[in-house]
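1. sequence first, predicted coordinates after that:
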Amino acid sequence: MRGHPDLWFALFVGVCVYWLLLELIFLAAGIWFILRAYAYKYAAMSRKELFMLISPSIMGVAGYEIIWYYRSFYISETGRSPSVYDSLALLYYAVAVITIIVVTVLYQGIKAGQEEKLQNELLAAQVESIQHHISQVESVYQNVRGIRHDLANHIITLDELYAGNRKEEALNYADELKTQLAKASGEIKSGNPVTDVILQGRKFEAEKRKIRFCCDFHYPIESGINAFDLSVILNNALQNTIENVAGAEPYISILSYRKRNACMIEISNSFAGNLQWNVESGLPFSSKEKSDRDGYGLANIRRTAVKYCGDIDIAAEDGEFCLTIMLMADK
């Protein structure tokens, strides 16, 4: 072997290739496990989170360089390779890869806990919003009851005006009474007081922003679908549409209908731009920076739909964004 330097060189290259292949196999296995285990590959990440995740890799590279330096130094001083180096190096690589995987899994657990906490906070905000709407419903119907209570007095007044041949005053009085009754009861009649108030409130908000609001929503009576769950869907969906509506003639449209046992709700609005999709959730990314209660509207809608063995579908084309929600009724 001493007289054949080419053989020594070939042996050296072979050993290097062998260990390089082993390192690549470990690296590929580690990346594969990370991709399988990590569910937030496409989520936004802060600098602190990024530093936490890459720290094990940085330490692994630093350790590798240190081990390689001392190996080269030992060989240059003694003229022979340390017998246990290769085994210890292989063990170190395995520990480094496992550390990266463990840190990634732990981070994912922390992230999942944060997501659950934020969704619970959003749901709590929705409950608070619904309680506010229910109080509005009670206020509206108290006004209606008040008008009905005074209805006898209004009839007597109209009779006196007609008896005195004061027809013009009677007509004006009747028109005013109709106006007051319409304001008290609201323009939208969906078949449920809770959804009435939500739709009426969103309609008023849209009209203040000069957005055309078209509503053909009907509450699915005797379907087994809870009014609270529908209110969560309507509040989230209409809030999203009002915030993201665009175009020269902005509009919002809400339509509901039945297909056998499926209750369908279609909410569309004028839209400009392109959607960026989250591959993991199948939902568009929020157009807003995530705060404690932003970006979870569609997720909450889907979670409510799944509760009724349904789902949602999202389409954006020809300048229109359309959200379709399917809920399965009991009958």
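-> Yes, it's here.

2. ok now stretch 19-37, how far from the chain's centre?
-> In terms of C-alpha atoms, centre = their mean, to the nearest Å, the centre of stretch 19-37 is found 33 Å from the chain centre.

3. and it, average pLDDT?
-> Mean pLDDT, stretch 19-37: 79.

4. what do you get for stretch 214-229?
-> pLDDT averaged over stretch 214-229 gives 87.

5. so which bits of it are buried?
-> Residues 215, 217-220, 223, 225 are the ones in stretch 214-229 that count as buried (16 or more other C-beta atoms under 10 Å). For glycine as for every other residue, the C-beta is placed from the backbone atoms N, C-alpha and C.

6. ditto for stretch 253-273
-> For stretch 253-273, by 16+ other C-beta under 10 Å, it's 253-254, 256, 263, 265-271.

7. pLDDT score for the closest residue to K167 other than its chain neighbours?
-> Closest residue to K167 apart from its sequence neighbours, by C-beta to C-beta, 6 or more residues apart in numbering: L161 at 7.7 Å. Note on L161: pLDDT of 77.

8. end-to-end on stretch 212-220?
-> Terminal residues of stretch 212-220 lie 25 Å apart, using C-alpha to C-alpha, to the nearest Å.

9. name the residues of stretch 189-196 that come out as buried.
-> Here stretch 189-196 shows 190, 192-196 as buried, counting by 16+ other C-beta under 10 Å.

10. of those, which belong to helices?
-> The helices, defined by DSSP state H, take in 193-196 from the buried residues of stretch 189-196.

11. between those, which is nearest G109?
-> G109 lies nearest to V194 out of these, by C-beta to C-beta, at 37.7 Å.

12. got a list of what the closest residue to that closest one other than its chain neighbours touches?
-> Leaving aside its sequence neighbours, V194 sits nearest to A227 (C-beta to C-beta, 6+ apart; 4.6 Å). For A227, the contact set (C-beta atoms under 8 Å, 6 or more residues apart in numbering) comprises 192, 194-195, 219.

13. farthest-separated two in the residues you listed?
-> Once C-beta to C-beta is applied, these give V194 and Y219 as the farthest pair, at 8.6 Å.

14. residue boundaries of the helices in the stretch 101-250 of the chain?
-> With DSSP state H, counting those that start in this stretch as the criterion, the stretch 101-250 of the chain has helices at 151-163, 167-185, 193-208, 227-244.

15. what are the buried residues along the last one?
-> This means helix 227-244. 230-238, 240-242, 244.

16. re earlier: would JSON lines of the contacts of A227 with distance to I312 be doable?
-> Shown next, in JSON lines, are those (distance: C-beta to C-beta, whole Å):
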{"residue": "N192", "distance to I312": "21"}
{"residue": "V194", "distance to I312": "21"}
{"residue": "T195", "distance to I312": "18"}
{"residue": "Y219", "distance to I312": "19"}
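
17. out of those residues, show me where the pLDDT dips lowest.
-> Across those, the smallest pLDDT goes to V194, namely 78.

18. go ahead and confirm that one touches I233.
-> No: taking C-beta atoms under 8 Å as the definition, V194 is not a contact partner of I233, at 11.9 Å.

19. re earlier: among the helices of the stretch 101-250 of the chain, which comes closest to M52?
-> For M52, the closest of those is helix 227-244, at 32.2 Å, according to C-beta to C-beta.

20. just the CA atoms of that closest one, as PDB, please.
-> What follows is helix 227-244, C-alpha atoms only, in PDB (Å, rounded to 0.1, in the frame of the first residue of the first chain):
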ATOM      1  CA  ALA A 227     -79.700  30.800  16.100                       C
ATOM      2  CA  PHE A 228     -76.500  31.400  18.100                       C
ATOM      3  CA  ASP A 229     -74.400  29.400  15.600                       C
ATOM      4  CA  LEU A 230     -76.000  31.200  12.700                       C
ATOM      5  CA  SER A 231     -75.200  34.500  14.400                       C
ATOM      6  CA  VAL A 232     -71.500  33.500  14.700                       C
ATOM      7  CA  ILE A 233     -71.500  32.700  11.000                       C
ATOM      8  CA  LEU A 234     -73.300  35.900   9.900                       C
ATOM      9  CA  ASN A 235     -71.200  38.200  12.200                       C
ATOM     10  CA  ASN A 236     -67.900  36.800  11.000                       C
ATOM     11  CA  ALA A 237     -68.800  36.600   7.400                       C
ATOM     12  CA  LEU A 238     -70.400  40.100   7.100                       C
ATOM     13  CA  GLN A 239     -67.600  41.700   9.100                       C
ATOM     14  CA  ASN A 240     -65.100  40.200   6.700                       C
ATOM     15  CA  THR A 241     -67.100  41.400   3.600                       C
ATOM     16  CA  ILE A 242     -67.500  45.000   5.000                       C
ATOM     17  CA  GLU A 243     -63.800  45.200   5.700                       C
ATOM     18  CA  ASN A 244     -62.700  43.800   2.300                       C
END
